[in-house]
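>>> 3D, please:
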Amino acid sequence: MELAAVLRDSFKMLRSHPKMFLPRMLTTALYTIFTLYSIGITADFVLMKDPEMVSVFLWKTAILFAALPLLYVVDILSYAMYPRMVADLKSSGDVGLSLALKDALKAWKVVLALGCAVFASLVFVSTVAAFFQILHALTGFFAFTVLAALSGIALIIAFSVFVFFVVPMAVLEGKGVNDSFRNSFKLGLENWKELTGLNSLFAFLALSTMILVLTAEINDSLTLISLSAFALARMVQAVVYTYLSVVNPAVYLLVRVK
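Numbers count the residues shown, from 1 in each chain. As a prediction, the model looks like this:
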């Protein structure tokens with residue numbers, strides 16, 4: 001598998017067709033609104049003086065938690081648009097956002113199943129990491145914190161290898177839930193070395209972007225610099241996540257040809 005060529009070609013695709021950024025830009029904007037809304041709720045709670053405002057706070061919090069799963073669905077659906085965009089770009093040289101969205105919606109069962117699997121895997125990884133953190137708290141050995149981080153990263157990468165091709169198979173091949181997961185697992189095993197390296201790179205980029213976003217969070221002082229850093233961090237996040245979304249189906253198309 002020529003990963004270097006895939007990474008390079010994915011960058012060229014985005015550079016020549018910037019509208020491919022739109023789906024991930026949209027989800028990033030929605031997450032930004034969600035973040036700002038949660039910051040506003042937190043500020044209202046801290047500054048709350050009237051007990052009658054508690055009911056308003058609870059309503060706002062309920063809206064926040066109700067919006068989160070909907071936002072997650074929009075996120076994974078936008079991710080599922082990229083296999084069609086990449087395939088069309090390679091075959092016809094053009095990108096159709098409406099067709100990509102239509103195909104993503106057709107594969108909603110697989111996309112939803114993958115979303116649930118990702119959520120379950122994150123819960124499992126968090127449980128394993130928490131176990132090592134508890135051992136660290138009980139023994140005082142910092143090595144357990146290192147183990148928590150390493151085990152979490154290793155489990156996420158391993159999971160990513162086996163479900164790497166689920167969405168491309170569902171969107172491009174019309175596979176169902178069982179076939180998409182089973183065939184993705186099979187292809188993942190056949191190409192586990194390359195996919196491990198690729199997903200390690202993905203993990204590094206995602207972690208670096210997350211750190212950038214966290215360090216640029218808006219604090220109590222709403223200065224122009226803090227707002228600019230907040231917006232810039234979100235833009236970088238959208239660009240990186242778009243790139244990762246393009247690389248995924250590009251790798252699948254290469255493997256499928258072989």
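>>> now for V166, how many residues are close by?
29 (other C-beta atoms under 10 Å). Just so you know, the C-beta spots here come from the backbone N, C-alpha and C atoms, and that holds for glycine as well.
>>> who are the contact partners of it?
Shown in contact with V166 (C-beta atoms under 8 Å, 6 or more residues apart in numbering): V110, L114, S180, F181, S184.
>>> ok, now A80?
The neighbourhood of A80, defined by C-beta under 8 Å, 6+ apart, consists of D103, A104, A107, V111, V167, A170, V171.
>>> so what pLDDT did the closest residue to the fifth one other than its chain neighbours get?
The one in question is V167. Excluding the flanking residues, the one nearest V167 by C-beta to C-beta, 6 or more residues apart in numbering is A80, at 5.2 Å. Predicted confidence (pLDDT) for A80: 96.
>>> then the one 5 residues further on?
The score at M85 is 96. That number is its pLDDT.
>>> now the lengthiest helix in the chain: buried residues?
Ranked by residue count, the top helix of the chain under DSSP state H comes out as helix 224-257. Within helix 224-257, the residues scored as buried using 16 or more other C-beta atoms under 10 Å are 229-230, 233-234, 236-255.
>>> same check on stretch 64-78?
Residues of stretch 64-78 classed as buried: D75, I76, L77, S78 (neighbour count, 16+ other C-beta under 10 Å).
>>> so which of those sit within helices?
Of the positions in the buried residues of stretch 64-78, D75, I76, L77, S78 sit in helices, assigned by DSSP H.
>>> once you drop chain neighbours, what's closest to the last one?
Using C-beta to C-beta, 6+ apart and skipping residues adjacent in sequence, the residue nearest S78 is P23, 3.9 Å away.
>>> next: the first one.
Take D75 and drop its neighbours on the chain: the residue closest to it by C-beta to C-beta, 6+ apart is T27, 4.9 Å away.
>>> burial measure for the one you found, as a count.
By other C-beta under 10 Å, 22 other residues sit near T27.
>>> any chance of the contacts of V166 in a markdown table, plus secondary structure and neighbour count?
Output for these, formatted as a markdown table (DSSP: H, G, I helix; E, B strand; the rest coil; neighbours: other C-beta atoms under 10 Å):
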| residue | secondary structure | neighbour count |
| --- | --- | --- |
| V110 | helix | 25 |
| L114 | helix | 22 |
| S180 | helix | 26 |
| F181 | helix | 21 |
| S184 | helix | 24 |
